[in-house]
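Visitor: model this:
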Amino acid sequence: MTEIYTPRLLLRRWREEDVTAMAEIHADPAVMRWIRDGSVLDVDRTAEAIERWEEEWDDEGFGLFAVELLGSGELAGFTGLSVPHFLPELSHEVEIGWRLGRPFWGQGYASEAAHASLEFALQDRGLERLVSICNPQNTASLNVMRKLGLALERETVHPEYGHPLLVHGIDLTEYAA
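Guide: Now for the predicted structure:
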């Protein structure tokens, strides 16, 4: 089982009992504002998403980690690696992403978790490059990307919803230097 400890967090694979807590995060319109068309997800759709995330671990050898607070054991959300199939022009890339519940915003958890995921991509999985994709108005995610050292590469449009997206990237061989 893949687990990563940071000073305040445990990044781990998903458990059945995570569905309810992640569904609460997905039910918050503020959390989902910049995701796809902004629609919230119910428990069933959250369970399906977690199942897909776990399948990606099996298929790719990487995936999205559940992010747990070490102090309380609370599920804060996720971070990790995935293939951005929703954007065909990047379906050959690996994306680093994160999604945390609102009570966990503004405390540096997203940056801490994402940095651990970046290290995992480089050191454990030997990946040479990562991208991260977000809506240009999502200033919180843009700030995390900046902290990780990702640089803006291009603008594109979400193929299904038509809104703008920014693609940032990082060459992990340069990151290691």
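
Visitor: going forward, measure contacts and count neighbours with C-alpha atoms only.
Guide: Will do.

Visitor: quick one: contacts of the lengthiest helix in the chain?
Guide: Counting residues, the longest helix in the chain under DSSP state H turns out to be helix 43-60. By Cα atoms under 8 Å, 6 or more residues apart in numbering, the residues outside helix 43-60 that reach it are R13, W14, V19, T20, M22, A23, H26, F62, G63, L64, S82.

Visitor: Could you list which of those residues belong to strands?
Guide: Of the contacts of helix 43-60, the ones assigned to strands by DSSP state E are L64, S82.

Visitor: can you redo the contacts of helix 43-60 as a markdown table with distance to L130 and pLDDT?
Guide: Shown next, in a markdown table, are the contacts of helix 43-60 (distance: Cα to Cα, whole Å; pLDDT from 0 to 100):
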| residue | distance to L130 | pLDDT |
| --- | --- | --- |
| R13 | 20 | 97 |
| W14 | 22 | 97 |
| V19 | 27 | 98 |
| T20 | 30 | 97 |
| M22 | 25 | 98 |
| A23 | 27 | 98 |
| H26 | 25 | 98 |
| F62 | 13 | 96 |
| G63 | 13 | 96 |
| L64 | 14 | 98 |
| S82 | 10 | 97 |
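
Visitor: Filter the contacts of helix 43-60 down to the ones in helices?
Guide: The helices, defined by DSSP H, take in V19, T20, M22, A23, H26 from the contacts of helix 43-60.

Visitor: how far away is the second one from D44?
Guide: If you measure T20 against D44 using Cα to Cα, to the nearest Å, the figure is 10 Å.
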